[in-house]
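Undergrad: Model the following, please.
(one chain, ligands or ions: 1)
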Amino acid sequence: MACFIVFEGGDGSGKSTQARSLNRRLRRRGLPVLLTREPGGTPAGESIRRWLKGRLNLQPLSELLLFEAARTQLVESVIRPGLDGGSTVISDRYTASTMAYQGYGRGLDLGLIRQLNQIATGGLAPDLTVLLDLPAQIGLSRRGAAGADPFESAPDEFQRKVREGYLTLAAEDPARWLVLDGARPQRQLSRDIWAKVQPLL
Ligand code: TYD
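TA: Next comes the predicted model:
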């Protein structure tokens, strides 16, 4: 069965490494799989990503709407067709990022974000969201100052709220979330993720 799996976590949590690792594992088994990311994953989405990463001093609401616009492009042209065609789809970030960063982090209304997520995705929800949980300090120091963009250079307090937001979301829907300690060795994390994903396929 086609399955939609999302990786979430703070900056430098190791989620992109784990998303790629799961992608490789499925490929090795000859299973059809698509790996994508947010914001981005389509030509329009990648343009929007460059806007978001530029230092344009966007209003929080403008930022929110840009994330949602990129998401609509991705859902309609990549994720839904992929699932309909029988592929497993893996996304590095999805709707929970907006809840965590723009909602819990920036303080935008959570109900509004839920509504926009629903509209932007046509209600397409992941079968599983894997959260790589890590104290913000560790994530940011792993990442180093060199890669800093407006989100990564946000103050510690913001990163702390994002982390708490993720944990709250995961606690609200434990059947569809897998929360792992991002400080554990990558190999162990891959093994635990595979144990959870395999029965879904
Ligand atoms: P990226 O370079 O992809 O970082 P990461 O490797 O941590 O995913 O940058 C994406 C940034 O955008 C990241 O800091 C999280 C942020 N973001 C939001 O604030 N809201 C969203 O809805 C999404 C998808 C991402």
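
Undergrad: From now on I want contacts and neighbour counts done on CA atoms only, so please keep to that.
TA: Noted.

Undergrad: doesn't residue 141 make contact with residue 10?
TA: No: using C-alpha atoms under 8 Å, residue 10 makes no contact with residue 141, being 11.9 Å away.

Undergrad: what about the two, which has more around it?
TA: A count of neighbours by other C-alpha atoms under 10 Å puts residue 10 above the other of residue 10 and residue 141, at 27 against 11.

Undergrad: For the lowest-mean-pLDDT helix or strand in the chain, which helices and strands make contact with it?
TA: Ranking every helix and strand in the chain by mean pLDDT, DSSP states H and E puts helix 136-143 at the bottom, with a mean of 71. Under the contact definition 3 or more C-alpha pairs under 8 Å, 6 or more residues apart in numbering; DSSP states H and E, helix 136-143 sits against helix 156-172.

Undergrad: May I have the strands that pair with the helix or strand following the helix it packs on, each with its orientation?
TA: Later in the chain than helix 156-172, the nearest helix or strand by DSSP states H and E is strand 177-181. Using DSSP bridges, strand 177-181 pairs in its sheet with strand 128-133 (parallel).

Undergrad: The partner strand versus helix 136-143: what angle between them?
TA: 90 degrees (axes from the mean of the first three to the mean of the last three C-alpha atoms, to 10 degrees).
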